[in-house]
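> how does the following fold in three dimensions:
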Amino acid sequence: MFGYFKMIIAVVMIAGIAGAGMYVMKLRSDNAILKANQIKLEEAVSSQKELIAQQKEDFQEILEANNKMNQLLTVLKKDLDDLDKRFNKKGRDIGKYAIEKPKVIERIINKGSIAATRCVEIAGGAPLTEQEKTATKKSEINRECPSIANPNYVPYQE
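So this is what the prediction gives:
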């Protein structure tokens, strides 16, 4: 009976050692999985930080572009008001003038159309010519859009 009891204790000890060994093996595999997850998490955090930094840069660029667009819009509104003042004068009848002096009106309209077309080209991104960049006199400027076509021209203010 004493031998039977030793055998039971030995089996329990072997089972305990085997169970502890399996538990340690499970802990090691769990540890390896946790390490791999930690590495992935750190990579995700660093990529998110880079993404946030890029978004901040993009946001600043958008703000700068928006400010430039607002400045251009202000200039274009001023040009539109100037054109409106030029064309909406009381007592002016362009049809009457066209009948009386058709060649003069044709020349004026053609010259204005060419200037307006150039304004559209510049607003669309076309580069300024050297003549447009250096124009400083009223006779040299594009009268349809001097603020964008002739950056060095400063109109005389009375």
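
> what about the helices in the chain?
2-87, 94-100, 102-123, 130-134, 146-149 (DSSP state H).

> just want the most central residue of this protein.
In the chain, the centroid-proximal residue (Cα atoms, centre = their mean) is residue 62; its distance is 4.0 Å.

> how near is that residue to residue 54?
Distance of residue 62 to residue 54, computed by Cβ to Cβ, to the nearest Å: 12 Å. C-beta coordinates here come from the backbone N, C-alpha and C atoms, glycine included.

> list the residues that contact both of those two?
With contacts defined as Cβ atoms under 8 Å, 6 or more residues apart in numbering, no residue is shared by residue 62 and residue 54.

> which residues are in contact with stretch 134-143?
Residues outside stretch 134-143 that contact it (Cβ under 8 Å, 6+ apart) are 112, 115, 118-119, 131-132, 149-150, 152-156.

> quick one: end-to-end length of that stretch, please.
For stretch 134-143, the separation between the terminal residues is 15 Å (Cα to Cα, to the nearest Å).

> now it, how far from the chain's geometric center?
33 Å (Cα atoms, centre = their mean, to the nearest Å).

> buried residues, that stretch. List them.
Neighbour-count burial for stretch 134-143 flags 135, 141, 142, 143 (criterion: 16 or more other Cβ atoms under 10 Å).

> how much space separates the closest residue to the second one other than its chain neighbours from residue 24?
I take that to be residue 141. Closest residue to residue 141 apart from its sequence neighbours, by Cβ to Cβ, 6 or more residues apart in numbering: residue 150 at 4.4 Å. Distance, residue 150 to residue 24, by Cβ to Cβ: 83 Å.

> which one's more surrounded, those two?
A side-by-side neighbour count of residue 150 and residue 24, using other Cβ atoms under 10 Å, places residue 150 first with 24 against 10.
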